[in-house]
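Asks: Sharing a sequence plus its predicted fold:
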Amino acid sequence: MSVPMESPISFTNVGRSKWWHRGIFASQTGYVLLALVVLMIAMRFASPYFFTEGNMQNVAKNFSFIAIATLGITFVIITGGIDLSVGSMMCFSAMITSMVMVELSAPGSLFVHMAADGKTIVANTPGLILLISVLAGLLAAFIVGLINGFCIAVLGLSPFVTTLGMLSIVRGLAYVVSNGRGSFPGGPDADLFYALTSGDVYGVPAPFIYLVILAVVMAVVLHHTSFGRHVFALGGNEKAAELTGIPVVRVKIEVYVICALAAGLQGIIISGWLGSAPANMATSYELNVIAAAVIGGANLAGGLGGPLGAIVGCVLLEVIRNGLVLAQVNSYWQQTLVGVIIILAVLVDRIRSRMT
Amino acid sequence: MASADTTPVLELTGIGKEFGAIRALHDVDMQVRPGEVVGLMGDNGAGKSTLVKIIAGNFRPTHGEIRFDGNAVHFSRPVDARAVGIEVVYQDLALADNLTAAANVFLGRELKRKFGPIALLDHKAMASRALDLFGELRSETRPHDLVKQMSGGQRQAVAIARTRLSNAKLVMMDEPTAAISVRQVEQVLSLIHRLKEQGVAVMLISHRMPDVFAVCDRVVVMRRGEKRADKPIHETSPEEVTALITGAKEAA
């Protein structure tokens, strides 16, 4: 009956798969990256301006404006969820940040006492206003993410419906708090704020630096921590995740909080670049963000995705936009082309997985 | 062989379960001793799965008491059952297709290495431990392969390897041999022998009469939510068990 256990295991009929059938080479991220490289080489010949330093800086800055939010939503998409409220969240966080910044800087404001020189106490500490206002903006995002996560994980509402509602709620709140006028960063720390959001370090745009740091952190979290593993497990088989004792509810809430925080941070950075946080800021950005994530290889059915894919998706969108401008194509074509690319990327992936 | 005087690892008294007006289980008494392999048989809808789910902590029983290792236990989640030493290999295997074999084996109890305040996954340790476990199961399963690409037998090996991680005192297997090749059935059955040698109690839920008679010490037959027979395997025969399952024979 029993088979002798001592005999060594032999893999007679199973070989190790070839390196180009494994890892990134076999993923949608891999060939979208390849497509991107091809596209950039083509752009090099189509326009002499494409590879100039100024244009490259522009591209880097512009894709960084949606890439941080894309990193955040990638967490949610890996678990098999979706967050439609990111565009509204960007606006709301940016608005809260600039309003708090102005409020704290105003002499005699509600929250702070006056010092001897007629300024508020916080205004006398360089950078403190900025810190508090950014934290306030992120706190708003944190709360919204928590509500999203609670409704989805605890109450069991569908992510699509919950965040669609939240899209409207948060946008509405942005109009309410600013009375529809939007808000402008101001006070003594405004210059520091602009330097940190739209400035650059040795020619590298600041948002790009934040993006790279966050992407590296995300890669470590996703692939080298148990939280990351649980995020993937949730997207692969939620029932299995639950049976093996993964705290499913907590992980779900956490991914929506991460997504909201990323969107909030993104909004604050965009407002620094715009110089204001208008109430209609980042309208329908959620679609760009989701499109970038999907093009980069995140699977809306869950279980697949990563920071590299998120960034590659954003860069591809931006290079296409930039390329169309440089090639003097009517910019209204951009949106059409983005749609085509989304479908193509998913289609090619389907064809590839059928072939192997 | 388990002797009659050892304390049962699992003791069920008067277990009943109702789902609204439907009585899925009625007054089930059962004992499982360390190192004993008990076959749980019955037709579809006989109450096997409900019983397993109650022991595994998926459902609370409507009536009755569960004692594990001599202590009364109340499970509200599967994690609670796992904490005392009950492992289940589910029929649908409960694997995450998008993860590797090693990741699945360690799902929910990953091995970590501390780097100051942060704990990172110890991929190497998990892969080599998983490889050891697959070796014990004589399964041609590579720790780094995605479960998505695996055969039924390999998936089974991954699911069983998972139960071997902890020091489980009771392993319940829900149809472990239903979807795998003949050779792999042999492997699963020899694994059951190995668990038994180490004093682990095994509950085998199966439709396959030859498997039950090959490894079990005792067979319990369920019919219409009630226990109809509980006999040492050498005192019964496949014919009698079949009769009990179909209802041709009422009880034994």
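Replies: Nice, I can see it.

Asks: Please identify the residues of the stretch 51-200 of chain B in proximity to chain A?
Replies: By the rule CB under 8 Å from any CB of the partner chain, the part of the stretch 51-200 of chain B lying against chain A is B:78-79, B:82, B:88, B:90, B:92-99, B:103, B:107-110, B:112, B:118-121, B:123, B:134-136, B:138-140, B:142, B:162, B:186-187, B:189-190, B:193-194. Where you see a C-beta, it was placed from the backbone N, CA and C, and this is true even at glycine.

Asks: Let me see the confidence value for residue B:32.
Replies: Note for residue B:32: predicted pLDDT of 91.

Asks: Identify the residues contacting the closest residue to it other than its chain neighbours.
Replies: Nearest residue to residue B:32, sequence neighbours excluded (CB to CB, 6 or more residues apart in numbering or on different chains): residue B:10, at 4.3 Å. Counting by CB atoms under 8 Å, 6 or more residues apart in numbering or on different chains, residue B:10 makes contact with B:30, B:31, B:32, B:55, B:66, B:67, B:68, B:86, B:170, B:201.

Asks: Now, of those residues, which are buried?
Replies: Neighbour-count burial within those applies to B:30, B:31, B:32, B:55, B:66, B:67, B:68, B:86, B:170, B:201; the criterion is 16 or more other CB atoms under 10 Å in any protein chain shown.

Asks: ok, then the element right after whichever strand or helix holds the fifth one?
Replies: Under the criterion of DSSP states H and E, residue B:66 resides in strand B:63-68. Helices and strands here follow DSSP H and E; after strand B:63-68, the next one along the chain is strand B:71-73.

Asks: in the next helix or strand after that next one, what's buried?
Replies: Using DSSP H and E, the helix or strand that follows strand B:71-73 in sequence is helix B:78-84. Within helix B:78-84, the residues that count as buried by 16+ other CB under 10 Å are B:78, B:79, B:81, B:82.

Asks: do the same with stretch B:175-195
Replies: Across stretch B:175-195, burial judged by 16+ other CB under 10 Å covers B:175-177, B:180, B:184-193, B:195.

Asks: What segments of the chain are helices?
Replies: Unless you meant another one, I'm taking chain A. Along chain A, counting by DSSP state H, helices occupy A:28-46, A:53-78, A:86-105, A:128-149, A:159-178, A:190-198, A:206-224, A:226-236, A:238-243, A:248-274, A:285-295, A:307-326, A:333-355.

Asks: Actually, chain B is the one I wanted.
Replies: Counting by DSSP H, the helices of chain B are B:48-56, B:78-84, B:101-105, B:123-136, B:152-163, B:182-197, B:209-215, B:238-246.

Asks: Could you say which one of these comes nearest to residue A:306?
Replies: Smallest distance to residue A:306 across the helices of chain B (CB to CB): 15.0 Å, for helix B:101-105.

Asks: Output the contacting helices and strands for that closest one.
Replies: helix A:226-236, helix B:123-136, helix B:152-163 (3 or more CB pairs under 8 Å, 6 or more residues apart in numbering or on different chains; DSSP states H and E).

Asks: which residues touch the second one?
Replies: Read it as helix B:123-136. With CB under 8 Å, 6+ apart, helix B:123-136 has contacts from A:5, A:8-9, A:224, B:101-103, B:105-106, B:110-111, B:113, B:140-144, B:157, B:161, B:164-165, B:191, B:194.

Asks: same question, the shortest one
Replies: For helix A:226-236, contacts defined as CB under 8 Å, 6+ apart pick out A:75, A:77-80, A:221-222, A:240-241, A:244, A:246-248, A:251-252, A:254-255, A:299, A:301-304, B:96-99, B:103, B:107-108, B:110, B:112, B:119, B:121.

Asks: Using CSV, write out the CA atom coordinates for it.
Replies: Presented in CSV, the C-alpha positions along helix A:226-236 are these (Å, rounded to 0.1, in the frame of the first residue of the first chain):
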residue,chain,number,x,y,z
SER,A,226,2.8,39.3,4.9
PHE,A,227,0.5,42.2,4.3
GLY,A,228,1.4,42.3,0.6
ARG,A,229,1.0,38.6,0.4
HIS,A,230,-2.4,38.8,1.9
VAL,A,231,-3.4,41.5,-0.6
PHE,A,232,-2.6,39.1,-3.4
ALA,A,233,-4.3,36.2,-1.7
LEU,A,234,-7.4,38.2,-1.3
GLY,A,235,-7.5,38.9,-5.0
GLY,A,236,-6.7,35.3,-5.9
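
Asks: Report the angle between that helix and helix A:53-78.
Replies: Going by axes from the mean of the first three to the mean of the last three CA atoms, to 10 degrees, helix A:226-236 is angled at 70 degrees with respect to helix A:53-78.

Asks: Then the last one?
Replies: Going by the same axes, to 10 degrees, helix B:152-163 is angled at 80 degrees with respect to helix A:53-78.

Asks: can you pull the buried residues of helix B:152-163?
Replies: Neighbour-count burial for helix B:152-163 flags B:153, B:154, B:155, B:156, B:157, B:158, B:159, B:160, B:161, B:162, B:163 (criterion: 16+ other CB under 10 Å).

Asks: hmm, back to that, out of the helices of chain A, deepest packed?
Replies: helix A:86-105 (a mean of 27; mean count of other CB atoms under 10 Å in any protein chain shown).
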